[in-house]
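Enquirer: I need the structure of the sequence given here:
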Amino acid sequence: QVQLVESGGGLVQPGGSLRLSCAATGTIFPDWAMGWYRQTPGKQRELVAAITSGGRTNYADSVKGRFTISRDNAKITTYLEMNSLKPEETAVYYCNLNHQLSPKDRLHSHWGQGTLVTVST
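Expert: Sure, this is the predicted structure:
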């Protein structure tokens, strides 16, 4: 059974920084990608950043240059460094893991419980 454990959320002032972590445990296939999404009430969950086990990254345009996603393959952990945070980025941030045994196999997807990030004075 795969579990994702997120940490690092909290309250930060506008312009400040936070670092989120997401550690995956359980049986995880070698072809994986982990991503961070965020959601506010009444809005759809949106992709913030994602990274593959090979190191390929993808960012939402709104966070490029301010957020950095990285990973530790040995620990199957991903980190999201968030800088210059804005009040409108207050949201619940969710970690996602997609993995599969090979490109021809079924894609398995898992979500963390979410961690609240509040950007406010």
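
Enquirer: all strands for this structure, in order.
Expert: In the chain, the strands defined using DSSP state E lie at 3-7, 10-12, 18-25, 31-39, 46-52, 57-59, 67-72, 77-82, 91-100, 108-111, 115-119.

Enquirer: so Ser53 sits right up against Lys75, yeah?
Expert: No. Taking contacts as Cβ atoms under 8 Å, Ser53 lies outside contact range of Lys75: 11.9 Å. The way it works is simple: take the backbone N, C-alpha and C, and place the C-beta from them, glycine included.

Enquirer: so how far is Ala50 from the most far-flung residue of the chain relative to its centre?
Expert: Relative to the centre of the chain, the most outlying C-alpha is that of Lys104, 25.0 Å out, by Cα atoms, centre = their mean. Remark: distance between Lys104 and Ala50 (Cβ to Cβ, to the nearest Å) = 21 Å.

Enquirer: and if you look at Lys64?
Expert: For Lys64, the distance to Ala50 equals 13 Å [Cβ to Cβ].

Enquirer: contacting residues for the spatially most central residue of the chain?
Expert: Geometric centre of the chain, nearest residue: Trp36, 2.2 Å, by Cα atoms, centre = their mean. By Cβ atoms under 8 Å, 6 or more residues apart in numbering, the contact list for Trp36 reads 20, 22, 47-50, 69, 78, 80, 93-96.

Enquirer: tell me which of Ser53 and Lys75 has more neighbours.
Expert: Neighbour comparison, Ser53 and Lys75: the larger count goes to Ser53, with 16 against 11 (by other Cβ atoms under 10 Å).

Enquirer: who's in contact with that one?
Expert: 30-33, 71, 73.

Enquirer: run the last query once more with 7 Å
Expert: 30-32, 73 (Cβ atoms under 7 Å, 6 or more residues apart in numbering).
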